[in-house]
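Peer 1: sharing a sequence plus its predicted fold:
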Amino acid sequence: MKKYLNILTLWIAAILAVAPATAKNWDICENPDERSILPGGTDKWMANNFKYPIEAWRETRKKKGTILRNFELIIGKDGKVLDYQLPEKMHPALKREFDRVIQKMHWLPGYKDGEPVISRIRPDLIIAPENTDGENIPFGLENIVSKGKHALAKLKKMHSPTTEKDSATINALGLTAELFPTKPVYSIYFAGVCASNGINDRSISIIDSCYICYRIDPDTSLRNESNQLLWPSGYSGRYEIWISLVRIMHHILAKSDKTDRVCLEAFRYINDRIEIGDLRHDPTPWIAEQRSQRRMQDLQRERVNEFFSKSGQYISTNTPSWERMMRNYTIAEVSSSLGYWSKEGKINNAQVAQLTALLDEERKATLNGEKATSKDYARLFGCKALAIWALEGEVGLKNFINEIRSGNPTKKLASYLDNLEKNYDRYSSLLSDYPAAMLAIVSPVPPQGADEQGQRVFYERRRAAEKVFPIKWLSSN
């Protein structure tokens, strides 16, 4: 009996050694002379010890789950963690990993009057640091991203996956695409492979998830104090358009019942980009954001005085003031300033109505190609042409080009559309099989079972599509 009691005692002691303490009657020194510190720092400790559970990251990746802020720890006189409290709403697997790592910590204790004391600290624990690409990679999952990058490089050189090694490469890419949908290159390539293998449900699931996680929604995304959208680090407006276009083609290939809605979303986004005239592709987005905020503050607080006289004189699209406004600011910037000007009493209701009508005219002219003065601006119309071709074929494409021509497009845009149409006519025989051409655009590899001739035609179709539409411009990031 005594033997079993000793075993029970040892078992209970072992549990107490690893379980977080729950007692709240510690004699805590709230103002130590020297605060408790973790040798090497918490960032280094987490990097060396924390392994983010995959099942937890699947659920938390879309949330602000990259830092555990203001996390309270009670550190004993011997440097051991006596007590801590994790957030209640935390994935069970993530909670278990925090328990494991925290209980391994050994801090240098706090000191008061030269003596070690029990102290309280509230460090921020980074669990998914941002890398140079603007992507948050959790500690412990870096290897998955590394394998995904390696798989992507191999897939780009792969003509037709057939071996077990090829399957392993595709599986590695698929896991990376699933866990990191905000890095769209993995999702786009993996969705394409799925489509080539006839797994359309999977391709749609992957590309839809990527679209939802990556896109900037004007209705729900965060904004700054000037009512401008906050763009995440690493974001590229070109890539968001590319995701939208690839998504259209995946849904068409799968004969999805959501195709019409997907197309409407893509057209709305491309039109927004045309109106704004800013693709938000900047290697240092935080600098661009600061510059943009200063522009908005200047517009809202100073420039309005140039557009209306004290007597409230009306302006029109033909005045130097209006032309200067549209030359220096986008429709979206001016539109978002109306509320501020009205609230501050800088313009009255009649002037708000007048400016709104002028902006509507400006918006219509912009969508008709009258403002497309740069090559990138013209390429946005090429993106719209690709979407229309995917949905309506050659007839829709020709109608779109003729509609723009019938208006007053810039010489830059007219020349761009002439070249697009000329190239389309040259390669129309390769692009007339719309499903096959779309598959060649969205997939990096030929369809499963394609013979040598089929593989050759597949790559010819892709090259033809790249000659006609701005695919390379969109997909390079």
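Peer 2: Perfect, I can see it now. Numbering: from 1, shown residues only.
Peer 1: surely Val117 is within a helix?
Peer 2: No: counting by DSSP: H, G, I helix; E, B strand; the rest coil, Val117 is not part of a helix but strand.
Peer 1: low-confidence regions, the stretch 51-200 of the chain specifically.
Peer 2: 61-66, 70, 131-135, 159-165 (pLDDT under 70).
Peer 1: tell me where it has helices.
Peer 2: Using DSSP state H, counting those that start in this stretch, the helices of the stretch 51-200 of the chain run over 54-60, 92-104, 142-156, 164-179, 184-196, 200-214.
Peer 1: could you identify which of those helices is most buried?
Peer 2: helix 184-196 (a mean of 25; mean count of other Cβ atoms under 10 Å). (Each C-beta comes from the backbone N, C-alpha and C, glycine too.)
Peer 1: that one: how far from the chain's middle?
Peer 2: 16 Å (Cα atoms, centre = their mean, to the nearest Å).
Peer 1: with stretch 457-466 instead?
Peer 2: 28 Å.
Peer 1: ok, residues contacting that stretch?
Peer 2: 427, 430-431, 433, 436-437, 439-441, 446-447, 450, 471-472 (Cβ atoms under 8 Å, 6 or more residues apart in numbering).
Peer 1: now, the residues you listed that are in helices?
Peer 2: Tyr427, Leu430, Leu431, Ala436, Ala437, Leu439, Ala440, Ile441, Ile471, Lys472 (DSSP state H).
Peer 1: with distance to Ile37 added, can I get the helices of the stretch 51-200 of the chain in a markdown table?
Peer 2: Shown next, in a markdown table, are those (distance: least, Cβ to Cβ, whole Å):
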| stretch | distance to Ile37 |
| --- | --- |
| helix 54-60 | 28 |
| helix 92-104 | 15 |
| helix 142-156 | 26 |
| helix 164-179 | 33 |
| helix 184-196 | 39 |
| helix 200-214 | 37 |
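Peer 1: kindly reformat the contacts of stretch 457-466 as JSON lines containing neighbour count and pLDDT.
Peer 2: Supplementary listing: the contacts of stretch 457-466 in JSON lines, determined by neighbours: other Cβ atoms under 10 Å; pLDDT from 0 to 100:
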{"residue": "Tyr427", "neighbour count": "18", "pLDDT": "97"}
{"residue": "Leu430", "neighbour count": "19", "pLDDT": "96"}
{"residue": "Leu431", "neighbour count": "24", "pLDDT": "96"}
{"residue": "Asp433", "neighbour count": "13", "pLDDT": "96"}
{"residue": "Ala436", "neighbour count": "16", "pLDDT": "96"}
{"residue": "Ala437", "neighbour count": "21", "pLDDT": "97"}
{"residue": "Leu439", "neighbour count": "21", "pLDDT": "96"}
{"residue": "Ala440", "neighbour count": "26", "pLDDT": "96"}
{"residue": "Ile441", "neighbour count": "21", "pLDDT": "97"}
{"residue": "Pro446", "neighbour count": "23", "pLDDT": "91"}
{"residue": "Pro447", "neighbour count": "17", "pLDDT": "90"}
{"residue": "Ala450", "neighbour count": "16", "pLDDT": "88"}
{"residue": "Ile471", "neighbour count": "20", "pLDDT": "95"}
{"residue": "Lys472", "neighbour count": "9", "pLDDT": "93"}
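Peer 1: which two among those residues are spaced furthest apart?
Peer 2: The most widely separated members of the contacts of stretch 457-466, counting by Cβ to Cβ, are Ala450 and Lys472 (23.2 Å).
Peer 1: can you name every helix or strand that the host helix or strand of His250 contacts?
Peer 2: Per DSSP states H and E: His250 is located in helix 237-253. The contact analysis (3 or more Cβ pairs under 8 Å, 6 or more residues apart in numbering; DSSP states H and E) places helix 237-253 against helix 184-196, helix 200-214, helix 259-276, helix 375-405, helix 434-442, helix 471-475.
Peer 1: by contact count, what packs against the third one?
Peer 2: Under the contact criterion of 3+ Cβ pairs under 8 Å, 6+ apart, the helices and strands touching helix 259-276 comprise helix 237-253, helix 331-343, helix 349-367, helix 375-405.
Peer 1: could you give the angle of the third one to helix 375-405?
Peer 2: Okay, so that is helix 349-367. 90 degrees (axes from the mean of the first three to the mean of the last three Cα atoms, to 10 degrees).
Peer 1: same question for the second one.
Peer 2: Computed by the same axes, to 10 degrees, the angle separating helix 331-343 from helix 375-405 equals 90 degrees.
Peer 1: CA atoms only for helix 331-343, dumped as PDB, please.
Peer 2: Output in PDB follows, covering the C-alpha atoms of helix 331-343 (Å, rounded to 0.1, in the frame of the first residue of the first chain):
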ATOM      1  CA  ILE A 331     -11.800  60.600 -58.200                       C
ATOM      2  CA  ALA A 332     -11.800  58.500 -55.100                       C
ATOM      3  CA  GLU A 333      -9.800  61.100 -53.100                       C
ATOM      4  CA  VAL A 334     -12.000  64.000 -54.100                       C
ATOM      5  CA  SER A 335     -15.200  61.900 -53.500                       C
ATOM      6  CA  SER A 336     -14.000  60.900 -50.000                       C
ATOM      7  CA  SER A 337     -13.300  64.500 -49.200                       C
ATOM      8  CA  LEU A 338     -16.900  65.700 -49.800                       C
ATOM      9  CA  GLY A 339     -18.100  64.600 -46.400                       C
ATOM     10  CA  TYR A 340     -15.100  66.300 -44.600                       C
ATOM     11  CA  TRP A 341     -15.600  69.600 -46.500                       C
ATOM     12  CA  SER A 342     -19.400  69.600 -45.800                       C
ATOM     13  CA  LYS A 343     -18.800  68.700 -42.100                       C
END
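Peer 1: okay, buried residues for it please.
Peer 2: Ile331, Ala332, Glu333, Val334, Ser335, Ser336, Ser337, Leu338, Tyr340, Trp341 (16 or more other Cβ atoms under 10 Å).
Peer 1: do the same with stretch 349-362
Peer 2: Gln351, Gln354, Leu355, Leu358, Leu359, Glu362.
Peer 1: again, but for stretch 35-55
Peer 2: Neighbour count says stretch 35-55 has Arg35, Ser36, Ile37, Leu38, Thr42, Trp45, Met46, Ala47, Phe50, Tyr52, Pro53 buried, by 16+ other Cβ under 10 Å.
Peer 1: Lys80: which of the helices and strands packed on helix 237-253 is closest?
Peer 2: helix 200-214 (40.1 Å).
Peer 1: quick one: the helices and strands packed on helix 237-253 as TSV, columns for distance to Gly237 too.
Peer 2: Converted to TSV, the helices and strands packed on helix 237-253 look like this (distance: least, Cβ to Cβ, whole Å):
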stretch	distance to Gly237
helix 184-196	12
helix 200-214	11
helix 259-276	6
helix 375-405	10
helix 434-442	20
helix 471-475	10
